[in-house]
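> mind looking at a prediction? Sequence and model below.
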Amino acid sequence: MLRNSTLSAFRASDGVLESAAGRITRSITATHRRAFSYTARQNAGIAHFTPASTPELTKLLESIREKIILPSYIPPDQRRKIFSLKYEKKLQSDPITIEIDGEVIKFRYMNPFKEMPQTRRSVVSAVSQFTTDEDFANLRPLFEGIAYAKRKFGSDFYCKVLRTCGNKGKIYDVLDCARSVRRTGFKLDTSEKVNEALFHIQMKAFDSKWDEAETKRALRKAELVIELLQDEGHIPAKAEDRRMLDGELPLYRDPMTLLAPLHIAAGFVVNNGDSEDVGLMLEKATDYAKDVIRVWPEGKSLTAVQPEKAYEMDNKMKYLAEPNKFFALCTPLLHGLDMAIKVVEPELAKQLLSRRNQLTADLRAAKPDISWRGESAAEKFYGDVDTMITDLPEESQ
């Protein structure tokens, strides 16, 4: 079974070179060695990694490049030979050779069961070892490379990358990959990916103690996410994932999405009252508050805004059924409502307050089942969980 599934994986990647074939010039030498060369341009798709912070990480990145990414540049018939025991001796003396952007690369036999690294495990391991700016400079070429190699991953893989990078303060590096989705394959095409990204963008503003420049940057990034959600490059690849349910809001209009820029804009106003941009930020906060009110009916749980079936589907909102995840992701949104209530006009603040207290009730219901992530989010924004899940009186507006 393992042998069959592994070989199937290699066969599945046979179509990798079809789009690039027109850019490869082929020649066969007198010794029957196959030589291939790309037109001289750096953006041909080949991954180049900069030296990493540790020898172990450098070695891992080179392994990913040599064993996963580079073989995807070889035409399918030649690539199959690399993994065929039948050609082991021949390739030892006469390796398949290609030239890309002036770099000569030689391929010999690789045992697919012993020498080929598992792509998902290798990428997650590499990203988890990133610590320095130089390490994170390798993030985009890493995803460009695995996208070129046609490696496919589920939403949980990308969410893990978002959390790992976000926890290290590098969420903007991930957004750079998302902006280049056609080269990196890093799509923001599920609610969980979007809200993981927005969670860490909000944390950038909060952790800066609402520094004026950093908060403005965070708002630009949150608004970039909303723009990307309307880009066709971020439309789900599978037809069943693209299909909208009756009454379903697109992700760029989901209240959880809109609450993030509301939080950042309101946080700027509360903490940067002397800034020359406070008027513009108040206007933005007001506009986002109105948008939230329009799509989030009064008296309805935040987890009931979308159609009920969406909360049963893995590719839509089912992840919010996990109390700890729901609690953690909604904590900064609640904090944003608290701040917005302080700065918008009284009538709008009153409408936000009803949503705020509804969300508080939802979080109280989730409290018994939360663990470290939910608790730490509450402690960061409110000091403790109990303070956070207390209703605000009407006089607080």
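Alright, I've got the coordinates.
> how about the contacts made by the nearest residue to T286 once chain neighbours are set aside?
Nearest residue to T286, sequence neighbours excluded (C-beta to C-beta, 6 or more residues apart in numbering): V344, at 5.3 Å. In this view, the C-beta of every residue, glycine as well, is placed from N, C-alpha and C. Contact analysis of V344 by C-beta atoms under 8 Å, 6 or more residues apart in numbering lists 266, 282, 285-286, 289, 352.
> one more: K221?
171-172, 175, 201, 204.
> let's see that with 10 Å instead.
171-172, 175, 197-198, 200-202, 204-205, 260-261, 264 (C-beta atoms under 10 Å, 6 or more residues apart in numbering).
> repeat for R183
Taking C-beta under 10 Å, 6+ apart, one finds 43, 45, 140-141, 143-145, 147-148, 177, 233 in contact with R183.
> and it, what element?
Assigned by DSSP states H and E, R183 belongs to helix 181-184.
> separation between the residue nearest to T286 and P55?
Going from V344 to P55 by C-beta to C-beta, to the nearest Å gives 54 Å.
> just the pLDDT at the closest residue in space to W296 that isn't next to it in sequence, thanks.
Counting by C-beta to C-beta, 6+ apart, W296 lies nearest to P255, which is 4.2 Å off, once chain neighbours are set aside. Here the pLDDT value assigned to P255 is 98.
> what's the neighbour count on P255?
Per other C-beta atoms under 10 Å, the neighbour tally for P255 reads 22.
> looking at the contacts of V344, which are in helices?
Using DSSP state H, the subset of the contacts of V344 located in helices is 266, 282, 285-286, 289, 352.
> and stretch 158-175, which residues are buried?
Going by neighbour count (16 or more other C-beta atoms under 10 Å), the buried part of stretch 158-175 is 158-166, 168, 170-175.
> how about stretch 348-358?
348-349, 351-353, 355-358.
> follow-up on the earlier one: now, the most widely separated pair of the ones in helices among the contacts of V344?
Pairwise distances across the ones in helices among the contacts of V344 (C-beta to C-beta) peak at 14.1 Å, for the pair L282 and L352.
> buried residues in stretch 243-261?
Buried-residue list, stretch 243-261, by 16+ other C-beta under 10 Å: 248-249, 251-252, 254-261.
> buried subset of the contacts of R183?
For the contacts of R183, buried by 16+ other C-beta under 10 Å: 45, 140-141, 143-145, 147-148, 177, 233.
> which among those residues gets closest to G336?
C177 (25.8 Å).
> the closest one and F143 touch, don't they?
Yes. C177 lies in contact with F143 (C-beta atoms under 10 Å); the separation is 5.1 Å.
> common neighbours of these two, please.
158, 161, 183-186.
> closest to K81 out of the residues you listed?
G185 (27.0 Å).
> just give the closest residue to the closest one, not the sequence neighbours.
A147 is the one closest to G185 (C-beta to C-beta, 6+ apart), at 3.6 Å.
> assign the one you found to helix, strand or coil.
helix (DSSP: H, G, I helix; E, B strand; the rest coil).
> for the closest residue to L251 other than its chain neighbours, give its distance to D189.
With C-beta to C-beta, 6+ apart as the criterion, L251 has its nearest non-adjacent residue at 4.9 Å, and that residue is L229. Applying C-beta to C-beta, the value for L229 to D189 is 8 Å.
> give me the common contacts of those two.
The contact lists of L229 and D189 share 235, 251, where a contact means C-beta under 10 Å, 6+ apart.
> which one's more surrounded, the two?
Using other C-beta under 10 Å, the more surrounded residue of L229 and D189 is D189, with 23 against 18.
> show me where the stretch 101-250 of the chain has its helices.
For the stretch 101-250 of the chain, the helices defined by DSSP state H, counting those that start in this stretch cover 119-129, 133-136, 139-148, 155-167, 171-179, 181-184, 191-207, 212-228, 239-242.
> work out the gap between the fourth one and the centre of the chain.
Read it as helix 155-167. Relative to its parent chain, helix 155-167 has a centroid offset of 6 Å by C-alpha atoms, centre = their mean, to the nearest Å.
> and if you look at the second one?
Its chain's C-alpha centre and that of helix 133-136 lie 17 Å apart, by C-alpha atoms, centre = their mean.
> same check, this time on stretch 112-120
On C-alpha atoms, centre = their mean, the centre of stretch 112-120 falls 24 Å from that of its chain.
> contact partners of that stretch?
Against stretch 112-120 from outside (C-beta under 10 Å, 6+ apart): 2-3, 6-7, 9-10, 60, 63-64, 66-69, 71, 82-85, 109-110, 122-125, 146, 149, 151-154, 156-157, 160.
> okay, buried residues for that stretch please.
112, 116, 119-120.
> swap in stretch 48-68?
49, 52, 57-58, 60-61, 64-65, 67-68.
> and that stretch, average pLDDT?
96.
> what's the end-to-end length of that stretch?
13 Å (C-alpha to C-alpha, to the nearest Å).
> what does that stretch rub up against?
13, 42, 46-47, 69-70, 82, 101, 103, 105, 107, 110, 112, 115-119, 122-123, 125-135, 137-138, 141-142, 144-146, 149, 151.
> now list the buried members of the residues you listed.
For the contacts of stretch 48-68, buried by 16+ other C-beta under 10 Å: 13, 46-47, 69-70, 82, 105, 107, 110, 112, 116, 119, 122-123, 126-127, 129-130, 135, 137-138, 141-142, 144-146, 149, 151.
> turn the helices of the stretch 101-250 of the chain into TSV, columns for distance to A340 and mean pLDDT.
TSV is the format used below for those (distance: least, C-beta to C-beta, whole Å; pLDDT from 0 to 100):
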stretch	distance to A340	mean pLDDT
helix 119-129	34	97
helix 133-136	33	98
helix 139-148	33	96
helix 155-167	23	97
helix 171-179	22	98
helix 181-184	31	96
helix 191-207	13	98
helix 212-228	13	98
helix 239-242	32	72
